[in-house]
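Asker: With the sequence up front, the predicted model follows.
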Amino acid sequence: MHSKRHRFVMFYKTGAKKDGTLTASEASLYSDTGAYATIGPLVITRATVHATGPYIIPNVKTDGYCICTNNTIAGSFRGFGEPQSLFAAESQIDELASELGLDPLELRMRNILRPASATATSQQLDASVGLEECLRKVTAAVGWKNKSHEVSANKKRGFGLAAIYHGNSLGPEGLDRSRARLTLDRDGVVTVRLGLTEYGTGARSGITQIVAETIGIEASSVRLGAVDTLTCPDSGGTFASRTLVLGGRAAQRAAELLRTKMIEAAAEQLQSSSDEIEIHRGVLSVRCDPNRSMTLKALSAKLCEHGELTVDGEYTAEACDFDSEKGYGTPYHQYTFGAIATEVEVDLKLGYVTPIRLIAAYDVGKAINPHLVEGQIEGATSQAVGLALMEEIVHSKGHVMNPNLSDYYIPTSLDMPEVTPIIVEYAGSIGPFGAKSIGEPPIDGPAAALTNAIFNAIQIRIRDLPATPEKILLALKNPGRSV
């Protein structure tokens, strides 16, 4: 019914000083796109850009290959290549920590991206980097310094970490432009028309909040119009977690234009200058004389005497200065940063992994609607648990051997750990009020955090997802073996 996530095979080589300072990274990523390339080249581009993880590494060589095979066609899937490459990168960091005899947290803290750091593509970041705060909060919440591993003779506890960064919107994948249309009717209701669909993120309802906040009216005075090509301007595609960031920014610009028209009209009606008019909760008044005021409905009736008032807003992100062949420059103008800490229990007799709890902190720039942000973190985490521990498409001689939900396992509520979302805010440069993307980033890191926790519990490194009981039992019978 839907194209599948690209299967990756990845080879990593990392250099570091004895104190843990990272010096070099070399990686080769091979992506199985199926019989047709479709968007495979874009997926491998994003995966390659993020392949080092969110770390300062002065010398980097990463090659990405999109391979056509006779396997299931691959396409767009939450994360768009980053869950694969960041799983490898964060597993590699943990392996390096083990080789150096360092705490995985200490190694990460020594090398993570911070404000003004240079990324693997030599992009100098601005101040919008909240990764250190994310790491500190999740490790404090999980009790990293006081972790205990022994449960019983047959069960072991383990703790794992992962850090991620996720470039917002399209970047080198295409021109990033969005448009929004606002219509004010005689009753003072603003209708938002945006050609970006709603498929569960809640981003479109967040846009009503952006419009209301920008104009200075109640959210109840803003409604969403149906997505219809006849009435909605071209807003670009609903992908790359860009609805609230790009669509919201276009809606914000339209709201600014509408607010200006409303203030100019109110100034004329109230016999004042535009500079003295303010709008608060739908009431327009003269700043120094609040008795001189009028309601939004009264103003709207005047403005719409000859029909509804419509304004369009457009936002086009600045083109990224990025050389995709050399992998040098600025691939994305802003990034969502995040950290995950998790605790698991491994049954040594059954090989079964029970995720106990997972704490996830994300620097979302500005949480327009904190409840929706938390919902995205929890939803993406559930998908990531499936990716890490159970979901797997099995091919044999060109056929899918488990084509239904009785053979293809996904997490139920009973398989999920206790998920604790934490919101961190370092305002970005693109989104409205500094908002960053949050639809996709939370799926990028949990798989690595979970397998790192398995290693912490039983000293077995899972390099091939999912971490099934069969793989763990096989490794337990062959100590020192990675699977």
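Answerer: Yep, that arrived. Numbering: from 1, shown residues only.
Asker: Could you count how many residues lie near the residue nearest to residue 19 when sequence neighbours are not counted?
Answerer: Counting by Cβ to Cβ, 6 or more residues apart in numbering, residue 110 is the residue found nearest to residue 19 once chain neighbours are left out, at 7.5 Å. The way it works is simple: take the backbone N, C-alpha and C, and place the C-beta from them, glycine included. Residues within reach of residue 110, counting by other Cβ atoms under 10 Å, total 16.
Asker: all numbers from here: first residue = 891
Answerer: New numbering, starting at 891: the last item is residue 1000.
Asker: Need phi/psi at residue 1000.
Answerer: For residue 1000, the backbone dihedrals are phi -70, psi -20 (criterion: degrees, to the nearest 10).
Asker: got a list of what it touches?
Answerer: By Cβ atoms under 8 Å, 6 or more residues apart in numbering, the contact set of residue 1000 is 909, 910, 911.
Asker: closest to residue 1090 among those?
Answerer: residue 910 (40.5 Å; Cβ to Cβ).
Asker: any idea how far residue 1185 is from the closest one?
Answerer: 63 Å (Cβ to Cβ, to the nearest Å).
Asker: Also residue 1295?
Answerer: Taking Cβ to Cβ, one finds residue 1295 at 54 Å from residue 1185.
Asker: who's more crowded, the two?
Answerer: Counted by other Cβ under 10 Å, residue 1295 and residue 1185 do not tie: residue 1185 has more neighbours, with 12 against 8.
Asker: what number of residues lie near the nearest residue to that one once chain neighbours are set aside?
Answerer: What sits nearest to residue 1185 in space, not counting adjacent residues and going by Cβ to Cβ, 6+ apart, is residue 1173, at 6.0 Å. By other Cβ under 10 Å, 17 other residues sit near residue 1173.
Asker: Neighbour count for the contacts of residue 1000 - can I get that in a markdown table?
Answerer: A markdown table is the format used below for the contacts of residue 1000 (neighbours: other Cβ atoms under 10 Å):
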| residue | neighbour count |
| --- | --- |
| 909 | 10 |
| 910 | 19 |
| 911 | 14 |
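Asker: Those into TSV, with extra columns for distance to residue 1039 and secondary structure?
Answerer: Formatted as TSV, the contacts of residue 1000 follow (distance: Cβ to Cβ, whole Å; DSSP: H, G, I helix; E, B strand; the rest coil):
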residue	distance to residue 1039	secondary structure
909	26	coil
910	23	coil
911	28	coil
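Asker: In CSV, list the residues you listed along with distance to residue 1034.
Answerer: Shown next, in CSV, are the contacts of residue 1000 (distance: Cβ to Cβ, whole Å):
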residue, distance to residue 1034
909, 20
910, 17
911, 21
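Asker: CSV for those, including pLDDT and distance to residue 1155?
Answerer: Below are the contacts of residue 1000 laid out as CSV (pLDDT from 0 to 100; distance: Cβ to Cβ, whole Å):
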residue, pLDDT, distance to residue 1155
909, 97, 65
910, 97, 63
911, 98, 61
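Asker: from those, which is closest to residue 1310?
Answerer: The closest of those, once distances to residue 1310 are taken by Cβ to Cβ, is residue 910, at 28.1 Å.
Asker: show me what contacts the closest one?
Answerer: 986, 987, 990, 992, 996, 997, 1000, 1001.
Asker: Could I have the ChimeraX command that selects the buried members from the residues you listed?
Answerer: Restricted to buried positions by 16 or more other Cβ atoms under 10 Å, the ChimeraX selection for the contacts of residue 910 reads:
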select :986,987,992,997,1000,1001
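Asker: pLDDT below threshold where in the chain?
Answerer: Across the chain, the ranges flagged by pLDDT under 70 are 1370-1372.
Asker: Could you list the domains of it?
Answerer: For the chain, automatic domain parsing gives the domain ranges 897-1061+1212-1367, 1070-1206.
Asker: related to what we said a few turns ago, counting only helices, which of the contacts of residue 910 make the cut?
Answerer: Secondary structure from DSSP state H places 986, 987, 990, 996, 997, 1000, 1001 of the contacts of residue 910 in helices.
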